[in-house]
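Student: Requesting a structural model of the entry that follows:
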Amino acid sequence: MNKSTLKEGEKVARNSIFHLFGLGIIKLTAGLVTGMHVVIADSISTFADTLGVFASYFGLKLSRKSANKRFEYGYYKIETFAAFLISLGIIYAGIEIFKDGIQTVQDPTEGQYRYFAITATILAILHSIRLSKKLETAGKKVNSLSLIANAKDKKMDVFAGFIILISIIANYKQIPYVEGTVTILISLFILKVGIFSSKESLFFLLDYWDNPKLLKKIKGVFKKEKDFVLGIRKIRLRRAGTFIFGEAFIEINPYADIGDLREELEILKNKVLSLNPYIKDFSIYTHISEIEKVKVGFPVKSGEGLESKLASNIKETKAYLFAYVEKGKVKKFYSKKLSKKQKKPVELAEFLKKEKPNIIINNKLNSLIYYNLRRVHSILIYPNFSDINNVKQTLRLLLIDV
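Tutor: Here you go, the predicted model:
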């Protein structure tokens with residue numbers, strides 16, 4: 001995600017500030033003119049929202065700043081901190097409205113110019129619907145917690161607006177306690193949103209983040225590379241503002257070439273980054289386990305068992321002997337005959353891959369087979385020395401070498 005995308009989020013936040021402030025003025029005027037506590041409480045909530053969106057704007061603007069010597073990891077968490085401040089503001093507004101609701105229940109008052117209050121409330125409902133959609137769209141686009149938190153708050157305002165209308169009508173019909181009860185209900189909904197948002201943003205500030213779907217996708221990327229990645233030790237993800245950072249600790253095939261290792265890790269990293277546009281960086285740490293068990297494939301031209309004579313080329317190869325070696329000793333072995341058709345490059349590669357050896361003794365393999373086995377499937381191709389002519393001798397040298 002580039003800086004121009006963040007600018008779009010800033011623009012939506014900036015425009016919303018002016019709209020909300022104007023709406024707050026209208027609500028406050030309506031509340032003061034009518035003398036209705038529920039409308040005044042709603043105006044306080046709107047002003048709190050204005051401060052919240054301002055915090056979002058400020059956070060997004062600062063999060064675009066590049067990393068420097070003081071902030072080597074960038075300013076991304078400023079946006080998350082802004083979301084946390086917004087949440088505290090919402091909680092404070094909820095508490096104040098709750099207090100006002102209690103007072104109104106104890107001392108209900110008759111409102112005046114109620115049509116003015118109804119008109120202002122209807123305008124507020126329509127405005128909240130429009131604004132919540134804009135904030136939600138922008139928040140999802142830039143992955144902004146603060147904008148999404150404000151969008152949720154605007155959705156609550158729509159619901160609160162209808163309750164306020166009922167309260168105004170009840171006041172007109174002189175039905176007692178409705179206005180105070182509605183004010184308390186509004187405060188409880190506001191408190192719920194504020195507490196949830198503050199909890200979420202605080203967890204992100206403490207590097208806690210749980211996204212099972214994204215984690216499953218990342219694990220899927222590594223599991224597909226089963227010839228290279230032998231196991232996943234741990235995957236960690238964290239949020240920093242609008243961005244996601246992650247790292248994986250994996251077990252890799254000990255027979256992978258160093259050159260292949262660099263290339264494969266870069267490919268894996270790019271695959272993970274492509275899963276989500278908000279993944280800013282993803283580090284992969286590798287661990288090579290000690291080799292205890294190994295399966296070796298020997299091309300043979302004659303003989304049986306470990307005394308079999310090695311074939312120096314594919315033409316004279318009659319079969320392959322596969323031996324399981326564990327802790328320096330041959331545990332078991334078996335032979336598989338090679339047909340004339342299986343000596344062709346593609347067929348031979350498939351024949352060898354099916355047996356899943358870790359090491360293959362070279363018998364002048366075709367370059368296509370070599371690339372397929374060595375580079376794609378991380379199978380070590382061990383040389384066939386001219387002065388060694390059987391399986392047992394090759395095994396001795398192999399055990400010393402690996």
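
Student: Centre of the chain to the longest helix along the chain, how far?
Tutor: For the chain, the helix with the greatest residue count under DSSP state H is helix 3-34. Distance, stretch centre to chain centre, for helix 3-34: 31 Å (Cα atoms, centre = their mean, to the nearest Å).

Student: Quick one: mean pLDDT for that helix?
Tutor: Taken as a whole, helix 3-34 has a mean pLDDT of 78.

Student: try stretch 314-324
Tutor: On average, stretch 314-324 scores 93.

Student: Same question for stretch 340-356.
Tutor: 89.

Student: Name the residues that touch that stretch?
Tutor: 295, 297, 314-315, 317, 320, 322, 336, 338, 360, 366, 368-369, 372-373, 377, 379 (Cβ atoms under 8 Å, 6 or more residues apart in numbering). Glycine gets a C-beta too; all of them are placed from N, C-alpha and C.

Student: Show me which positions of it end up buried.
Tutor: 342, 348-349, 351-353 (16 or more other Cβ atoms under 10 Å).

Student: Next: stretch 275-295.
Tutor: For stretch 275-295, the neighbour count (16+ other Cβ under 10 Å) marks 275-276, 278-280, 282, 284, 294-295 as buried.

Student: Where does confidence bottom out across those?
Tutor: residue 278 (75).

Student: Torsion angles phi and psi at the nearest residue to residue 296 once chain neighbours are set aside?
Tutor: Spatial nearest neighbour of residue 296, excluding adjacent residues (Cβ to Cβ, 6 or more residues apart in numbering): residue 359 at 4.6 Å. Dihedral pair for residue 359: phi -130, psi 140, per degrees, to the nearest 10.

Student: Contacts only, for residue 359.
Tutor: Here residue 359 is in contact with 255, 294-297, 379-382, 398, 402 (Cβ under 8 Å, 6+ apart).

Student: Now do it against residue 353, distance only.
Tutor: Using Cβ to Cβ, to the nearest Å, residue 359 is found at 14 Å from residue 353.

Student: try residue 280
Tutor: Distance from residue 280 to residue 353, by Cβ to Cβ: 37 Å.

Student: residues contacting residue 392?
Tutor: For residue 392, counting by Cβ under 8 Å, 6+ apart, the contacting residues are 306-307.

Student: how close does it sit to residue 306?
Tutor: For residue 392 relative to residue 306 (Cβ to Cβ), the value is 4 Å.

Student: Quick check: residue 308 touching residue 302?
Tutor: Yes. Between residue 308 and residue 302 there is a contact at 7.0 Å, judged by Cβ atoms under 8 Å.

Student: Looking at these two, which one has more neighbours?
Tutor: For residue 308 versus residue 302, the count of surrounding residues by other Cβ atoms under 10 Å is larger for residue 308: 23 against 13.

Student: Not counting residues beside it along the chain, what's closest to that one?
Tutor: residue 300 (4.1 Å).

Student: wait, the one you found sits on residue 335?
Tutor: Yes. Judged on Cβ under 8 Å, residue 300 makes contact with residue 335 at a distance of 7.3 Å.

Student: hang on, the earlier thing: kindly confirm my reading that the residue nearest to residue 308 is in a helix.
Tutor: No. Residue 300: not assigned to a helix; according to DSSP: H, G, I helix; E, B strand; the rest coil it is strand.

Student: wait, what's in contact with it?
Tutor: 308-311, 317-321, 335, 391.

Student: Next one: it, what pLDDT does it get?
Tutor: Residue-level pLDDT assigned to residue 300 equals 94.

Student: I'd like to know how far it sits from residue 16.
Tutor: From residue 300 to residue 16 the distance is 77 Å (Cβ to Cβ).

Student: How about residue 119?
Tutor: 22 Å.

Student: More neighbours: the two, which one.
Tutor: When residue 119 is set against residue 16 and neighbours are counted by other Cβ under 10 Å, the residue ahead is residue 16, at 25 against 13.

Student: tell me the contacts of the more buried one?
Tutor: 53, 131, 134-135, 150.

Student: For these, pick the one with the most neighbours.
Tutor: residue 150 (31 neighbours).

Student: Which segments of this protein make up each domain?
Tutor: Annotated domains of the chain cover 3-205, 212-287, 293-401 [automatic domain parsing].

Student: if you compare the ones you listed, which one is most tucked away?
Tutor: domain 3-205 (a mean of 20; mean count of other Cβ atoms under 10 Å).

Student: Measure how far it is from the centre of its chain, please.
Tutor: 28 Å.

Student: Who does residue 249 form a beta bridge with?
Tutor: For residue 249, the beta-bridge assignment (DSSP bridges) gives partners residue 234, residue 285.

Student: Would you check that it makes contact with residue 283?
Tutor: No. At 9.5 Å, residue 249 and residue 283 do not qualify as touching, with contact defined as Cβ under 8 Å.

Student: any idea where the helices of the stretch 201-350 of the chain begin and end?
Tutor: Along the stretch 201-350 of the chain, counting by DSSP state H, counting those that start in this stretch, helices occupy 212-224, 258-273, 345-355.
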